[in-house]
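Undergrad: sequence first, predicted coordinates after that:
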Amino acid sequence: MEPVMVPALRSVLAVSGQSCELSLDSERLAWRELRPRRDRSRRTGVCLTRVLQRARGLTDSLSRQLPSGGHSIPVSEIVSVGEAEIDETYHHSMKWEHMCKPHAFTVNYVQRVKNHRWRCKAVTFWCSDEVLCCHWLKALNDLLDHQTCRPKHLLIYINPYGGKKKGKQIYEKKVAPLFNLAGISTDVIVTEFANHARDDLYEVNLEKYDGIVCVGGDGMFSEVLHGLIGRVQKDKDIDHDNPEANLSPCAIRIGIIPAGSTDCVCFATVGINDPVTSALHIILGDSQPLDVCSVHRKKRFLKYTVSLLGYGFYGDVLKCSEKNRWLGPARYDLAGIKTFLSHHCYEGTVSFQAAKWAAGSPRDLTRCMSGCDICRQSSKQLDEHQKAQTLGSLQNEQEDWKTIKGKFMAVNAANMCCACPRSPKGLSPAAHLADGAADLIVVHKCSRLNFLRHLIRHTNKKDQFDFPFVEVHRVKTFQFTPKHFEDEDGDAESTDLRISGKKNFAQICTDHPSCGCNQVNSIWNCDGETLDQTAIEMRVHSQLVKLFARGVEDSKPKNKCSSRI
Ligand SMILES: Nc1ncnc2c1ncn2[C@@H]1O[C@H](COP(=O)(O)OP(=O)(O)OP(=O)(O)O)[C@@H](O)[C@H]1O
């Protein structure tokens, strides 16, 4: 966004009883206390009125006085500005009776706390001159009006049953007051059944809104994602059952207020699962493009995924955890242990096309952070690649397929790092949010001990791919065919999970007689939901949606945005 040019303002106003030099340009609002050089110990005796009289309007001379601790906030991180209520008690306690009628305005802004957590802080500036006060209010509000990326009207879906069933409470107590403060109007729908939000998005007048917000977990986000992508394709007459279709990107952004038992998408795009932080990212109008993968079975659309598509270990963990929902979030630990102990491996074929344009590699040390260069560069290279393809100057893409046949502990496609509080590095630490590619991780059959070593590395600093039985590729598309599909020419629909049942159950795995393994198929874990099909193909759609987020910020930025000066 082009910075709007405003005449720079500089005045002396008072903050918490101290006179401060306040300055504003098109980018930043800054203030610092003024302390007379001669006698700093007698600060309380500074005559504010005299300072104000000297300083009204432009006060270049004052800037020469000794500056003490100051603050600087980017205009883009101001939440709102408004006339302050004059509290008589406060006014008298500040011993400002000589200001016959004080005027004040409050600036609400984003303050960074620890671990990517944001809070909304307020500072009130006082002065005795009404005209000066109005001048500042107008200048600040004019600048905020130019923050055109900020949403004004939002559609909110709340899942009242997600996580600890506190979605409604979280929204009303923590989020709605902030939206009010920022002057955002909302239409709120508390969902009444699963897929309520998804179905509603097919009908609703999207033009009325600047964004859609889901309050819930990853399942709720997935609902909104499916509803929005589906709706946009329907409006554009694009057949999403066609795995080759070029899907139309969604212009409207999605915000996530974390209130589920798993909030991985929020964690990977904001850096923390905190409703207030997410609400502030929405208010500032942040925008984070996100790749979306479509999953098909032949010419039939199955699902979209943005984080993990996993077969084998992660599919089995999901299956087991679904059986124990009554245990709450503890079900994931139990399922993890049980699945690890059962130690199944599955036979099949993985075929993939590498994402040649991708600027990074799954094994480099570059994590996807806010303003990621790898995403920017990859997206540019992908555009060039697609143009070259259209002009026919690239060799036949069909020749690019690579195939891996064998027995696998796990086949995972990570579209983002899949970090969560338990695994801060994630499944694929160098995966990117918006590079048009996913990391395909194939864990070949190995001993229990080796598999455990691989799993443990998800929680420490060691490279989890540095094992002879693990391979990882950055891909644009992949297919998986289980062994029994190949045996039966992969044609019979009857060979799939729901229908196959007993027939395939009879194929006893001979690899691990000790574990009594009798399972020929695993299931796919698609962003925490199961798929009925095992033979699938996945394709990455570069930057198909945008979130109200900015990616995980570097905790030690070179130019800290909101800081003390
Ligand atoms: N009113 C409702 N009643 C029942 N289910 C709902 C309702 N609204 C949404 N859902 C469904 O609840 C599922 C889980 O929601 P959500 O992701 O918000 O919570 P969660 O606790 O993180 O769930 P999970 O751990 O199962 O992923 C979603 O798939 C969503 O479709």
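TA: Looks like it arrived, so ask away. Residues are numbered from 1 along each chain as shown.
Undergrad: switch to C-alpha atoms for all contacts and neighbour counts from now on
TA: Noted.
Undergrad: so how far is the ligand from Gln377?
TA: Look at Gln377 and the ligand: by C-alpha to the nearest ligand atom, to the nearest Å, they are 33 Å apart.
Undergrad: ok, the nearest residue in space to Ser287 that is not next to it in sequence - how many residues close by?
TA: Of all residues beyond its chain neighbours, the one nearest Ser287 is Phe548 (4.9 Å), with distances taken as C-alpha to C-alpha, 6 or more residues apart in numbering. Neighbour count of Phe548, defined by other C-alpha atoms under 10 Å: 30.
Undergrad: same check on Ile456?
TA: Look at Ile456: counted by other C-alpha under 10 Å, it has 14 neighbours.
Undergrad: and for Arg112?
TA: Residues within reach of Arg112, counting by other C-alpha under 10 Å, total 18.
Undergrad: cool, Glu83 as well?
TA: By the measure other C-alpha under 10 Å, the count of residues near Glu83 is 15.
Undergrad: returning to that earlier point: now do the contacts for the residue nearest to Ser287.
TA: Arg253, Ile254, Gly255, Ile256, His281, Ile282, Gly285, Asp286, Ser287, Gln288 (C-alpha atoms under 8 Å, 6 or more residues apart in numbering).
Undergrad: angles on the backbone of it, please.
TA: Geometry field for Phe548 lists phi and psi as phi -80, psi 80, criterion degrees, to the nearest 10.
Undergrad: just the CA atoms of stretch 339-347, as PDB, please.
TA: Listed next in PDB are the C-alpha coordinates belonging to stretch 339-347 (Å, rounded to 0.1, in the frame of the first residue of the first chain):
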ATOM      1  CA  THR A 339      -0.300 -46.600  16.800                       C
ATOM      2  CA  PHE A 340       3.400 -46.500  17.400                       C
ATOM      3  CA  LEU A 341       3.200 -49.900  19.300                       C
ATOM      4  CA  SER A 342       1.200 -51.600  16.500                       C
ATOM      5  CA  HIS A 343       3.900 -50.600  14.000                       C
ATOM      6  CA  HIS A 344       2.100 -51.200  10.800                       C
ATOM      7  CA  CYS A 345       3.600 -50.700   7.400                       C
ATOM      8  CA  TYR A 346       1.600 -50.400   4.100                       C
ATOM      9  CA  GLU A 347       2.600 -51.400   0.600                       C
END
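Undergrad: assumed Lys387 was part of a strand.
TA: No: note on Lys387: no strand contains this position according to DSSP: H, G, I helix; E, B strand; the rest coil, which reports helix.
Undergrad: now it: how far from Ala176?
TA: Counting by C-alpha to C-alpha, to the nearest Å, the gap from Lys387 to Ala176 is 45 Å.
Undergrad: more crowded one of the two?
TA: The residue with more neighbours, out of Lys387 and Ala176, is Ala176; 17 against 13, by other C-alpha under 10 Å.
Undergrad: tell me the pLDDT at the more buried one?
TA: In this model, Ala176 is scored at 98, pLDDT.
Undergrad: residues of the host helix or strand of it that come out buried?
TA: Assigned by DSSP states H and E, Ala176 belongs to helix 176-181. Of the residues in helix 176-181, those buried by neighbour count under the rule 16 or more other C-alpha atoms under 10 Å are Ala176, Leu178, Phe179.
Undergrad: just want the residue of the stretch 1-150 of the chain that's nearest the ligand.
TA: Taking C-alpha to the nearest ligand atom as the measure, the point where the stretch 1-150 of the chain comes nearest the ligand is Arg117, at 20.6 Å.
Undergrad: can you report phi and psi for the closest residue in space to that residue that isn't next to it in sequence?
TA: Excluding its sequence neighbours, the residue lying closest to Arg117 (C-alpha to C-alpha, 6+ apart) is Thr277, at 5.8 Å. When quoted as degrees, to the nearest 10, the phi and psi of Thr277 stand at phi -60, psi -50.
Undergrad: what does the one 4 residues further on give?
TA: Dihedral angles of His281 (phi, psi; degrees, to the nearest 10) stand at phi -60, psi -40.
Undergrad: now it: how far from the ligand?
TA: In this structure, His281 lies at 20 Å from the ligand, with C-alpha to the nearest ligand atom as the measure.
Undergrad: poorly predicted segments of the stretch 101-250 of the chain, please.
TA: Applying pLDDT under 70 to the stretch 101-250 of the chain flags the ranges 101.
Undergrad: where do the helices sit along it?
TA: Assigned by DSSP state H, counting those that start in this stretch, the helices in the stretch 101-250 of the chain fall at 130-145, 167-170, 176-181, 196-203, 218-235.
Undergrad: need the winner for burial among these.
TA: Per-stretch averages of neighbours, counted by mean count of other C-alpha atoms under 10 Å, single out helix 218-235 among the helices of the stretch 101-250 of the chain, with a mean of 22.
Undergrad: and the angle for it with helix 196-203?
TA: Angle, helix 218-235 to helix 196-203, by axes from the mean of the first three to the mean of the last three C-alpha atoms, to 10 degrees: 20 degrees.
Undergrad: and helix 218-235, how far from the chain's centre?
TA: Computed by C-alpha atoms, centre = their mean, to the nearest Å, the separation of helix 218-235 from the middle of its chain amounts to 16 Å.
Undergrad: only the buried residues of the helix or strand just after it, if you could.
TA: Scanning forward in sequence from helix 218-235, with DSSP H and E defining helices and strands, the next element found is strand 253-258. Buried residues in strand 253-258, defined by neighbour count with 16+ other C-alpha under 10 Å: Arg253, Ile254, Gly255, Ile256, Ile257, Pro258.
Undergrad: for the helices of the stretch 101-250 of the chain, which one sits closest to Ile73?
TA: Counting by C-alpha to C-alpha, Ile73 lies closest to helix 130-145 out of the helices of the stretch 101-250 of the chain; the figure is 12.2 Å.
Undergrad: for that closest one, packing partners?
TA: For helix 130-145, the elements it packs on are strand 78-83, strand 103-112, judged by 3 or more C-alpha pairs under 8 Å, 6 or more residues apart in numbering; DSSP states H and E.
Undergrad: just put those strands in JSON lines and tack on distance to Arg35.
TA: Shown next, in JSON lines, are those (distance: least, C-alpha to C-alpha, whole Å):
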{"stretch": "strand 78-83", "distance to Arg35": "26"}
{"stretch": "strand 103-112", "distance to Arg35": "21"}
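Undergrad: so for stretch 439-446, what gets flagged as buried?
TA: For stretch 439-446, by 16+ other C-alpha under 10 Å, it's Asp439, Leu440, Ile441, Val442, Val443, His444, Lys445, Cys446.
Undergrad: now it, how far from the centre of its chain.
TA: 26 Å.
Undergrad: now do it: everything it contacts.
TA: Among residues not part of stretch 439-446, those counted as contacts by C-alpha under 8 Å, 6+ apart are 345, 362, 406-415, 428, 431, 469-475.
Undergrad: how about stretch 139-154?
TA: Residues external to stretch 139-154 that are found in contact with it (C-alpha under 8 Å, 6+ apart): 4, 6, 26, 75-76, 78, 80-81, 183-187, 208-213, 282-286.
Undergrad: of these, buried ones?
TA: 26, 75-76, 78, 80-81, 184, 186, 209-213, 282-286.
Undergrad: quick one on the thing from earlier: how much space between the residue nearest to Ser287 and Leu280?
TA: Following C-alpha to C-alpha, the distance that separates Phe548 from Leu280 is 9 Å.
Undergrad: now do Gln543
TA: Going from Gln543 to Leu280 by C-alpha to C-alpha gives 23 Å.
Undergrad: contact residues of the stretch 51-200 of the chain facing the ligand?
TA: Taking C-alpha under 6 Å from any ligand atom as the criterion, the stretch 51-200 of the chain approaches the ligand at residues Asn159, Pro160, Tyr161, Gly162, Gly163, Thr191, Glu192, Phe193, Ala194, Asn195.
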